[in-house]
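Undergrad: Structure for this input, please:
(3 chains)
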Amino acid sequence: MPGGEVLDVFDRVDVPDGLADHLRTVALIDHHVHGVFDQPVDRAGFEQSINEGSNDPIPDFMTQFDSPLGLSIRRWCAPLLGLEAFADADTYWKRRAELSPAELAELLLPAAGIERWVVDTGFKGDLITTPQRLTELSGRPSSSILRLERLAEELLEDGTAAQDFPAAFRARLAAAVDDPDTVGTKTIAAYRTGFDIDWSRPPDELVVQHARELAARGSLRLDSPVLIAFGVHEAAERGLPIQVHVGFGDRDLDLHRTDPLLLLPLLRTMAPVPVLLLHCYPFHRQAGYLAQAFDHVNFDVGLGINYLGVRSTGLVAEAMETAPFAKQLFSSDAFGPPELHVLGSVLWRRAMGIELGGWIRHGDCTVADAIRIVDLIGVHNATRVYGL
Amino acid sequence: MPGGEVLDVFDRVDVPDGLADHLRTVALIDHHVHGVFDQPVDRAGFEQSINEGSNDPIPDFMTQFDSPLGLSIRRWCAPLLGLEAFADADTYWKRRAELSPAELAELLLPAAGIERWVVDTGFKGDLITTPQRLTELSGRPSSSILRLERLAEELLEDGTAAQDFPAAFRARLAAAVDDPDTVGTKTIAAYRTGFDIDWSRPPDELVVQHARELAARGSLRLDSPVLIAFGVHEAAERGLPIQVHVGFGDRDLDLHRTDPLLLLPLLRTMAPVPVLLLHCYPFHRQAGYLAQAFDHVNFDVGLGINYLGVRSTGLVAEAMETAPFAKQLFSSDAFGPPELHVLGSVLWRRAMGIELGGWIRHGDCTVADAIRIVDLIGVHNATRVYGL
Amino acid sequence: MPGGEVLDVFDRVDVPDGLADHLRTVALIDHHVHGVFDQPVDRAGFEQSINEGSNDPIPDFMTQFDSPLGLSIRRWCAPLLGLEAFADADTYWKRRAELSPAELAELLLPAAGIERWVVDTGFKGDLITTPQRLTELSGRPSSSILRLERLAEELLEDGTAAQDFPAAFRARLAAAVDDPDTVGTKTIAAYRTGFDIDWSRPPDELVVQHARELAARGSLRLDSPVLIAFGVHEAAERGLPIQVHVGFGDRDLDLHRTDPLLLLPLLRTMAPVPVLLLHCYPFHRQAGYLAQAFDHVNFDVGLGINYLGVRSTGLVAEAMETAPFAKQLFSSDAFGPPELHVLGSVLWRRAMGIELGGWIRHGDCTVADAIRIVDLIGVHNATRVYGL
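TA: Below you'll find the predicted structure:
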């Protein structure tokens, strides 16, 4: 737990006791997370793994430690590795390099105070741990999320004929519904097409045609709007929650074409299964609005919390504007270094304490109200949405 | 007045005395507001009426009280109904249900401390009080705003021939100019077409043609860009101020197509009557920019203030960035429950006190400057714009 | 220096000593600035020069002193002219009118504490001082920025034949590379086309054709996307840094078409010379994201800092979210009144002290970290980017 011997998430900030005690100890559901690195990384690889936007090595003229996330790593993770808080970057790296991936995970993951990981396994699965291994390392159970685009690609890679593709896709979704480990799906339309596509449900003939065209290509990277819309509507028809990558991500996406407002044509017409808008920065106010406007829309500001570091307090505050408290979830979107798994939790707890603590202190809500908000966003909404 | 026996808007926040005293007592012009409910509502109806974005009943898994607005109702309105601050939702509802619509209005409206209501009567007029009735219930005078799209629909509903439509519309605007109760007009282009339309002034032949097409339809819901541009330019030619719904509203609108920057082609070419950009969240920074860039452009952050509750302090602060203080107005955009009429005022007073109080305390302005800013935004700008 | 006898930038705010001392004295590189007025202005001219968005005289019903920038002028510049802080607008103007442009510059410029001015000479050069004169008045050296659109216009105005245009343009860029005073280039595509153009590198034949069409017009205002893309790619090929006007500016530009995300097609394909996204408000979060995503992208929030006045603290804070600290620069974008040159610096120092001081106080970074961030943004990044 973040409130253990090593970390006090409210060190040097004044948060009302009842709320602080709760935020130090409440076990969270991380509703969108990936595995930790399975193999050692060198320093260049580590620095690259703490830059979300770029796909290149960090240039020579700088270090990625000189960033809000870098400061947070030195502040919060150094003590977990036995160093002083704010150990410098070289000292941090020297100590970190002495530890195996498993040792790092076992030192860091418990400090996240997570009750359950809901794991997206669809990205670079060869670099990171499986949900099973994440559970072994953390001692906490995992559930899985099925990536819709990856599922389609796998079917075609495995030789499914285009004309059989719709039925095969549906069969795999039906199996996912029956699989207790799979609690939802995810679309990365943001990376493949942007959101300004025709979101209407395509007829099977059109799906077959697009599957055929995709299969005929050398590389099976699904970027057909028809196949993406097909996947989303099929998942919705089967009652599966759908996570949607929104906003902040690497530069492969056109960030302005991932404004969640561009999803309006989909949100208005789809079967109303829970939709989880992920990340959303810098469109989190738009996401909060959609969460007020549509019963089935929920959102988080994960990923941004880690990358904003100390500034995540402002982001967490802006995320509590127009959305009802029953429509926001906690996530880290950590991928790779277990520093990200622990910081996602520590920074969120701290930000919630600072923001809600201010509300209490100024008479805008009670301690009980604040605890209720923490529990909704941190635990209960995920339980409801995924039926955990 | 909000500073009366029951409410102290600066309870538990530290605002310099001169400013606090002024903000507790200054009588505001609410330049964009609707009536209060004329008939009792049940709890489901009440909860729905405190969700702006959705048009559906609040789903079973949640209560709309679990929102920033819900917290503010429990904080500020409960004492006005004789309850403890932060009475829980059930207790609040139980007490509220004992009171008739008129009793609720008479208990709540005075706490808004409004000098004059400028009332938009164009939406669901059958559910809410007329301006006359609002005046009776509150003891404060009202002025009216004429909705341009509704005016056009009424003319056609009443059998005006399409070829007579331009002249009839102009005659009604001329009558509005002469009517001392009507102080401005409003367009809801945001709901009917979005702002990305051709805003050039259409020739009468084209207007007649579009009026004919509209009249030929079963339902007279004006959604022709030509008729909308016609209405706006005609109002401007007659010197009538024009309110424009911008941003935050229910999900019938495409929020990204109500970015006020999309109005640039209109703002650059129209007769320069006062334009009032209403609400604007989450595009309030863009609205503030337009208010700096164009002499005739003004804006408010009403509606958002209510829905952001405690977080409205940040919104009010962001609204004082690039716009001159002579170009912003106060409004509640309250519709239905009189809780919204009082909160629009209480939350704005409180936010202005917190933000401007910080400016004073840190030496960024004097108490006299802060009071001048309050008076411009709260009273004088509306007086000037509408010629009150 | 801002920390001299007259100004204490941390008057009435509590900033940790080590950081405060550093921010009071560090000499900054103002990497994007213009000259000061060379001739006296009357009050109408002065008020117009402190409104960025409009191109018209300030209307009679208001004074531009009633704005965040106006408050900051009265707060910080009045004492530099020998008045009390917060002298009223008339008193301020009376005193200011007693001083010649040179006297004003010599009183105000030193308080900016600038080590070097990097001067954009491309706009209304007849109204303002040259870099040489700015250096005389301030006692600090200047470097120059070459405007790409102005260079093209000059070549054609000087009678360069269209078919010789590409080579002549390249020759001038080569000369700029060799000129130690010229440290970079600038594009104002924002004002001429918006960013939603074809950014691919045009072949010379197409460039010649567009040069021919432009030369054939009476007015040589370059607004061809082809010529703009040509200029940018040619500058990049020669290794020249490229400043890009982004966001906030006067109403001649379509603000929504200057969202820096619309530059993605350029940023992904150009030769990776340093790109400097200037101003960026209200798209500064988007700019910060691009600075994380691309090694060669840097940004500032100049101009906005002046116009937001006291509220610039929030802007400076939001500018330290996703961008590495090695990718942001300080600038004032001052043009005309030397008040803008000093405020750009004073408000930035103050905002950095308030924001980073909070980080230190709450244990989010050390004093040494904060000083390092100040030095990177205020000095070192400019040194690196421009090779000063």
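
Undergrad: In contact with A:G363, which residues?
TA: The neighbours of A:G363, taking CB atoms under 8 Å, 6 or more residues apart in numbering or on different chains as the test, are B:D11, B:R12, B:V13, B:R75, B:A85. Every C-beta, even on glycine, is put in place using the N, C-alpha and C of the backbone.

Undergrad: Show the contacting residues for A:G53.
TA: Counted by CB under 8 Å, 6+ apart, A:G53 has contacts A:F248, A:G249, A:D250, A:R251, C:Y289, C:L290, C:Q292, C:A293, C:F294, C:T322.

Undergrad: now it, nearest residue through space, not along the chain?
TA: Residue nearest to A:G53 in three dimensions, not counting chain neighbours: C:A293, with 3.1 Å by CB to CB, 6 or more residues apart in numbering or on different chains.

Undergrad: repeat for A:I29
TA: Distances taken as CB to CB, 6+ apart place A:A382 nearest to A:I29, at 4.0 Å, with adjacent residues excluded.

Undergrad: Which helix or strand contains that neighbour?
TA: Per DSSP states H and E, A:A382 falls inside helix A:381-386.

Undergrad: Does anything pack onto that helix? Which helices or strands?
TA: Applying 3 or more CB pairs under 8 Å, 6 or more residues apart in numbering or on different chains; DSSP states H and E, one finds that helix A:381-386 makes contact with strand A:28-33, strand A:182-187.

Undergrad: Can you give the contact residues for it?
TA: A:29, A:31, A:118, A:143, A:183-184, A:241, A:274, A:276, A:298, A:326-330, A:388, B:61.

Undergrad: Show me these that map onto helices.
TA: Within these, no residue falls in helices by DSSP state H.

Undergrad: Filter the residues you listed down to just the buried residues.
TA: Buried members of the contacts of helix A:381-386, counted by 16 or more other CB atoms under 10 Å in any protein chain shown: A:29, A:31, A:118, A:143, A:183-184, A:241, A:274, A:276, A:298, A:326-330, A:388.

Undergrad: What pLDDT does the model give the residue of chain A found nearest chain C?
TA: Relative to chain C, the nearest point of chain A is A:G53 (3.1 Å; CB to the nearest CB). Listed pLDDT for A:G53 reads 94.

Undergrad: From A:Y92, how far off is it?
TA: According to CB to CB, to the nearest Å, A:G53 stands 22 Å off from A:Y92.

Undergrad: before we move on, what about A:R201?
TA: A:R201 is 50 Å from A:Y92, where distance means CB to CB.

Undergrad: Looking at those two, which is more packed in?
TA: A:Y92 (21 against 17; other CB atoms under 10 Å in any protein chain shown).

Undergrad: any idea which helix or strand carries that one?
TA: Using DSSP H and E, A:Y92 sits in helix A:89-97.

Undergrad: who does that helix touch, helix- and strand-wise?
TA: Judged by 3+ CB pairs under 8 Å, 6+ apart, helix A:89-97 is in contact with helix A:43-49.

Undergrad: quick check, the helix it packs on touching chain C?
TA: No. With CB under 8 Å from any CB of the partner chain as the criterion, chain C is not reached by helix A:43-49; the gap is at least 10.2 Å.

Undergrad: Contacts only, for whichever residue of the stretch 251-388 of chain A sits closest to chain B.
TA: Distances between the stretch 251-388 of chain A and chain B by CB to the nearest CB are smallest at A:A293, namely 3.0 Å. Residues counted as contacts of A:A293 (CB under 8 Å, 6+ apart) are B:G53, B:S54, B:D250, B:R251.

Undergrad: Can you pull the phi/psi pair for it?
TA: A:A293 adopts backbone torsions of phi -80, psi -30, taken as degrees, to the nearest 10.

Undergrad: How much space separates it from C:P225?
TA: Remark: distance between A:A293 and C:P225 (CB to CB) = 37 Å.

Undergrad: Next: A:W199.
TA: 31 Å.

Undergrad: A:E321 too?
TA: Separation of A:E321 from C:P225 (CB to CB) stands at 38 Å.

Undergrad: Pick out whichever of those two has more residues nearby.
TA: For A:E321 versus C:P225, neighbours defined as other CB under 10 Å are more numerous around A:E321 (24 against 17).

Undergrad: rewinding a little: quick check: ChimeraX command selecting the buried ones in the contacts of A:G363.
TA: Entered in ChimeraX, the line below selects the buried ones among the contacts of A:G363, by 16+ other CB under 10 Å:
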select /B:13,75
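
Undergrad: which of the contacts of A:G363 come close to chain A?
TA: Contacts with chain A are made by B:D11, B:R12, B:V13, B:R75, B:A85 out of the contacts of A:G363, judged by CB under 8 Å from any CB.

Undergrad: what's the closest non-adjacent residue to the second one?
TA: Counting by CB to CB, 6+ apart, A:G363 is the residue found nearest to B:R12 once chain neighbours are left out, at 3.9 Å.
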